[in-house]
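Q: Please find the sequence and the predicted model below.
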Amino acid sequence: MSLKLNCDLGESFGSWKMGLDEAVMPHIDQANIACGFHAGDPLVLQKTLALAKENDVVPGAHPGYPDLVGFGRRSLKTTAAELKAMVLYQIAAIDGMATTQGLELAYVKPHGAMYNDMMANDEVRATIMQAVAEYHKPLVLMLQSTPKADQHLEEAKALGLELWFEIFADRCYDDDGRLLARTKPGAVHTKDKMLAQVRQLKEQGTVTTVSGHTLNLRADTLCVHGDNMEGVNAIQDIRQLIQS
């Protein structure tokens, strides 16, 4: 199994610093870059794209709900037309900034509540898929790998849309293939459990759920987090593990 590493970056805003982008970027393959709605601002976006270019990292749009105060982690009720427009608006913003720097935007990964809503709600997912598919150039949509991957592939195929399936390195899985809620014990793995999950995924293409069941999951890319130096060190260990 060939796995890429992706990380959410460019989430600082004005004088508010979020994440260790400079430390993370050399160790990943794909940068999910905030587009200004849930985090980020024009200068941060510009700098993050430059950092991606410097490290040969593929840039992706990381659109979210317009909720800076809540960091995009609160669901917003929108019409389908509103949701499609806000996704396209954010894609266009980062695509234009990337083109200016000689970079090619490759994919879209929704952020936070928008991502969760996409996975839980068929109508939201259909709208986001339509937005990405209708953009004026081909882009890939990144979404969570679940036992419903075949269904999601069929939905995307009908729109001529390519998908990348994402696995989370540091999160425990529930039996239905979704992430165990952070409010439940063991939802976030220790470093040892995280590395064990990555090793199992690499060698067997499976993850073990909270109750001990084995799930076969498609995996194109692995989400990692670099909010602190411990997380950055873990990314380096994961990189060594998937390349060994």
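A: Structure received. Numbering: from 1, shown residues only.

Q: all contacts plus neighbour counts: C-alpha atoms, from now on.
A: Fine.

Q: Which parts of the chain are helices?
A: For the chain, the helices defined by DSSP state H cover 21-24, 42-54, 80-100, 112-120, 122-134, 149-157, 191-204, 229-243.

Q: partners of residue 30 in the sheet?
A: Judged by DSSP bridges, the bridge partners of residue 30 are residue 6, residue 58.

Q: switch to numbering from 70
A: New numbering, starting at 70: the last item is residue 99.

Q: and residue 113, what does it touch?
A: Residues near residue 113 by C-alpha atoms under 8 Å, 6 or more residues apart in numbering: 79, 80, 81, 82, 83.

Q: I'd like to know which elements the helix or strand bottoming out on mean pLDDT in the chain is packed against.
A: Least confident helix or strand, the chain: helix 298-312 with a mean of 87, by mean pLDDT, DSSP states H and E. Using 3 or more C-alpha pairs under 8 Å, 6 or more residues apart in numbering; DSSP states H and E, the elements in contact with helix 298-312 are helix 90-93, helix 260-273.

Q: Now it: buried residues?
A: Under the neighbour-count criterion of 16 or more other C-alpha atoms under 10 Å, helix 298-312 has 300, 301, 302, 303, 304, 307, 308, 311 buried.

Q: What are the contacting residues of stretch 286-295?
A: With C-alpha under 8 Å, 6+ apart as the criterion, stretch 286-295 contacts 71-77, 88-90, 93, 214-216, 218, 233-239, 274-276, 300-301, 304.

Q: re the thing from before, from the contacts of residue 113, keep the buried residues only.
A: Listed as buried from the contacts of residue 113 are 79, 80, 81, 82; burial here means 16+ other C-alpha under 10 Å.
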